[in-house]
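Trainee: sequence-free structure coming up:
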């Protein structure tokens, strides 16, 4: 039995806009186990990205989380991320749960180069290790020279040792602003840069030294995506949320990024929540799939199970609408409902070929129909038999 | 050791390569437009005058900013007229009044040279102060939005509603020349600031940036309480002397910041929606870090351009205040005041042209220089214009 690391329970999220209240998420349930890749599938605007943002609790107004729980298993402890203080969440974000985004170049700050951006993550979450490494380097240079270390070297060492004891004391905060006194930061910067190049090399970038110096506009989107992945994986997160990371890339780069993600996942053993609308990618990469429609998770099962035996009508239609050669192109009739006034009962009922009276009136529950196969549909309301 | 230094220089050059190429690009842009060159050379000319002031116009009085007098006769004297009464000036090497004297016998040449320093000081201090206040308030307001935004921007609007020069005049007249501050003032306001920060953190559960802003509110409240309730004249400990020009500086700063606040607020509202801010949040940056490290560098350029254009305008306004007699003290080296001396001698015959024309020309040149420089800055820094 693999243990869960994240479970989203009955998450509700609304956007308070001028046109009305958008019920973006309605009782979303997700579970991610340790070391697995969960694919979150659904069409544009069904709330996939917002769901991932609310896991980190960084939904910006007018969006507001109205209910539900996001339970994260932080080193054996259960933590509800929606109820934690911001200071606690800042330690989780980037360190335990990291995120990769759709448009990598838009998610890199244009005024900083790659080294600066990755080192920010390192300094926020892995300061102690970096300081230790910098100290080691100083010790090594001292040993190799076999002389008594000079005043400046000793000063640097002393300051770094101080930093190791207490990462952010007031004295250092003031000293780090004074030129020449803050020279110890240069040692740290050097170490960080080495570290960054090392991380970039792991991302299979062709020329990590050059990329480390580059600004975001100088990178191709494939390179930028690798940099973003490097930023996300710099702290070996337990959960990686990948929000359509390969959507804007061409197919060869897409394949490279996918293999890279899988390789890194096997290496670090982190779980991945992979958000996409590309069923091919899901079949290739994921071990479990959750299908979303209009702010509701309608089906969640093993990847083989869902491709062979989809139960929810929407999941069935979605799988049928994948274009295949020699087959007529099928679409789902109707349009995606506006979430300002979502359909009553089951949100798919007005496009569903099997719609019944109960579908209009009552919301279906998210039930386990087979082992590890959850559906929210009135056709399968019997539950596990 | 030698190799090491060479290696270091090489490393440094390699690290600085993008900056160097950027600087070269800027230089090329500047070379292309003659107006930018004109602006830059005017400002460099004034800067040289300001730096060399003690050499080219050695101070005669104890306070170097006081223009030396040559008697007290009311009629101005033309350029090149001899020094009659001030023996100290003759000893220091002055032979004639190079640019004549103003009515009241202030030496124009000396006033022009030392007035350059005053002009630089007024322009840079006022714009710098306004920039800091404006940016801080604008970023806080735009980033947090909601009630904080509403309060701060309405306060900005109130100041914006007054005509700038009129409000500045009123403030100059209202500010006291000596501020007697009792120790309660310091202690009390410090307690207020710290107390409100803690209050924000603990009870209201605000984030760091918000509670810092909350702390300033506490500072102001406690300052007001101290000034109006706890009047305790026995505890005066430090009278703060304000020269007349300092009052003008404070007044212009208070009048000047709302423009920057509005500009930067708009810019921050745009930047805050950008994806990399979301990414910074997802990485675990604090609010303050996001504002300072991610939003500010992305939104500062339009404000810097506007500030560089404003330096000229501020100097002009300060000159206007001096002309009206509420800027610098009488005898202080200030171009506006020198024109004010010549007020009664402006006539059609232009017999005393030097008395008002020379300081006026220098004001014109200085303001023109800053405006051209501001235009050059805009051409260089604005990404929309620069690569065309």
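Mentor: Perfect, I can see it now. All values reported here derive from a predicted model rather than from experimental measurement.

Trainee: And the residue nearest to residue A:44 when sequence neighbours are not counted, how close does it get to residue A:85?
Mentor: Among residues not flanking residue A:44 along the chain, residue A:277 sits closest, at 6.8 Å (Cβ to Cβ, 6 or more residues apart in numbering or on different chains). C-beta coordinates here come from the backbone N, C-alpha and C atoms, glycine included. Residue A:277 sits 35 Å away from residue A:85, going by Cβ to Cβ, to the nearest Å.

Trainee: the more surrounded of these two?
Mentor: Comparing residue A:277 with residue A:85 by other Cβ atoms under 10 Å in any protein chain shown, the one with more neighbours is residue A:277, at 17 against 9.

Trainee: Contact partners for that one?
Mentor: Residue A:277 makes contacts with A:41, A:42, A:43, A:44, A:244, A:247, as judged by Cβ atoms under 8 Å, 6 or more residues apart in numbering or on different chains.

Trainee: Could you report the pLDDT at it?
Mentor: For residue A:277, the model assigns a pLDDT of 82.

Trainee: quick one: which of the contacts of residue A:277 sit in strands?
Mentor: Of the contacts of residue A:277, the ones assigned to strands by DSSP state E are residue A:41.

Trainee: Of the contacts of residue A:277, keep whichever come out buried.
Mentor: Among the contacts of residue A:277, those scoring as buried are A:41, A:42, A:244 (criterion: 16 or more other Cβ atoms under 10 Å in any protein chain shown).

Trainee: Return the distance of the nearest residue to residue B:30 once chain neighbours are set aside relative to chain A.
Mentor: Excluding the flanking residues, the one nearest residue B:30 by Cβ to Cβ, 6+ apart is residue B:36, at 4.8 Å. Separation of residue B:36 from chain A (Cβ to the nearest Cβ, to the nearest Å): 24 Å.

Trainee: who touches the one helix or strand residue B:36 maps to?
Mentor: Counting by DSSP states H and E, the element that carries residue B:36 is helix B:34-56. With contacts defined as Cβ under 8 Å, 6+ apart, helix B:34-56 is touched by B:29-31, B:64, B:113-114, B:116-117, B:119-120, B:365-366, B:368-376, B:379.

Trainee: could you flag which of these are buried?
Mentor: Judged by 16+ other Cβ under 10 Å, buried ones among the contacts of helix B:34-56: B:29-30, B:64, B:113-114, B:116-117, B:119-120, B:366, B:369-376, B:379.

Trainee: What average pLDDT does stretch A:109-123 get?
Mentor: For stretch A:109-123, mean pLDDT is 87.

Trainee: Can you get me a residue count around residue 88?
Mentor: Assuming you mean chain A. With other Cβ under 10 Å as criterion, residue A:88 counts 13.

Trainee: Let me rephrase: I mean chain B.
Mentor: Other residues near residue B:88 come to 11 when the count uses other Cβ under 10 Å.

Trainee: again with residue A:242
Mentor: When neighbours are counted by other Cβ under 10 Å, residue A:242 registers 26.

Trainee: shouldn't it be in contact with residue A:274?
Mentor: Yes: with contact defined as Cβ atoms under 8 Å, residue A:242 counts as touching residue A:274 (4.9 Å).

Trainee: overlap in contacts of those two?
Mentor: Joint contacts of residue A:242 and residue A:274 (Cβ under 8 Å, 6+ apart) are residue A:261.

Trainee: Which residues are in contact with the residue in the stretch 51-200 of chain B that chain A sits nearest to?
Mentor: Closest approach between the stretch 51-200 of chain B and chain A, counting by Cβ to the nearest Cβ: residue B:145, at 7.1 Å. Shown in contact with residue B:145 (Cβ under 8 Å, 6+ apart): residue A:61.

Trainee: for it, phi and psi?
Mentor: Main-chain dihedrals, residue B:145, degrees, to the nearest 10: phi 60, psi -170.

Trainee: With residue A:72 instead?
Mentor: phi -110, psi 130.

Trainee: so it makes contact with residue A:96?
Mentor: Yes: here residue A:72 lies in contact with residue A:96, judged by Cβ under 8 Å, at a distance of 7.2 Å.

Trainee: give the contact list for residue 67.
Mentor: Just going to use chain A. By Cβ under 8 Å, 6+ apart, the contact set of residue A:67 is A:10, A:11, A:12.

Trainee: meant chain B, my bad for not saying
Mentor: Residue B:67 sits next to B:106, B:107, B:110, B:111, B:114, B:331, B:332, B:333 when contact means Cβ under 8 Å, 6+ apart.

Trainee: pLDDT on stretch B:195-210, on average?
Mentor: Mean predicted lDDT for stretch B:195-210 stands at 76.

Trainee: about what we covered before: chain B: which of the contacts of residue A:277 is nearest?
Mentor: Of all those, chain B sits closest to residue A:244, with 12.6 Å by Cβ to the nearest Cβ.

Trainee: which non-adjacent residue is nearest the closest one?
Mentor: Spatially, and ignoring its direct neighbours in sequence, residue A:244 is nearest to residue A:102 (4.3 Å; Cβ to Cβ, 6+ apart).

Trainee: Over to the one you found. Which of the three states is it?
Mentor: coil (DSSP: H, G, I helix; E, B strand; the rest coil).

Trainee: what are the phi and psi values for it?
Mentor: According to degrees, to the nearest 10, residue A:102 has phi -70, psi -50.

Trainee: and what of the one 5 residues further on?
Mentor: Dihedral angles phi and psi of residue A:107 (degrees, to the nearest 10) take the values phi -100, psi 10.

Trainee: Run a quick check on it versus residue B:277, I expect a contact.
Mentor: No: between residue A:107 and residue B:277 there is no contact under Cβ under 8 Å: 9.4 Å.

Trainee: okay, these two: which has more neighbours?
Mentor: More crowded of residue A:107 and residue B:277, by other Cβ under 10 Å: residue A:107, with 26 against 23.

Trainee: could you list every residue that touches the more buried one?
Mentor: Contacts of residue A:107 by Cβ under 8 Å, 6+ apart are A:101, A:228, B:275, B:276, B:278, B:279.

Trainee: ok now stretch A:76-85, how far from the chain's centre?
Mentor: Distance of stretch A:76-85 from the chain centroid (Cα atoms, centre = their mean, to the nearest Å) equals 18 Å.

Trainee: first to last residue in it, what's the distance?
Mentor: 19 Å (Cα to Cα, to the nearest Å).

Trainee: related to what we said a few turns ago, would you list the contacts of residue A:277 in CSV and tack on pLDDT?
Mentor: CSV is the format used below for the contacts of residue A:277 (pLDDT from 0 to 100):
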residue, pLDDT
A:41, 87
A:42, 82
A:43, 81
A:44, 80
A:244, 84
A:247, 77
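
Trainee: and residue B:370, what pLDDT?
Mentor: So residue B:370 comes in at 92 (pLDDT).

Trainee: Compute the inter-axis angle for the helix or strand harbouring it and helix B:34-56.
Mentor: Counting by DSSP H and E, the element that carries residue B:370 is helix B:353-381. Using axes from the mean of the first three to the mean of the last three Cα atoms, to 10 degrees, the direction of helix B:353-381 lies 130 degrees away from that of helix B:34-56.

Trainee: hmm, helix B:353-381 touching chain A?
Mentor: No: using Cβ under 8 Å from any Cβ of the partner chain, helix B:353-381 never reaches chain A; the gap is at least 12.6 Å.

Trainee: what packs against that helix?
Mentor: Contacts defined by 3 or more Cβ pairs under 8 Å, 6 or more residues apart in numbering or on different chains; DSSP states H and E place helix B:353-381 against helix B:2-32, helix B:34-56, helix B:108-144, helix B:301-323, helix B:335-341, helix B:383-386.

Trainee: hang on, isn't residue A:14 packed against residue A:47?
Mentor: No: at 11.0 Å, residue A:14 does not count as touching residue A:47 under the criterion of Cβ under 8 Å.
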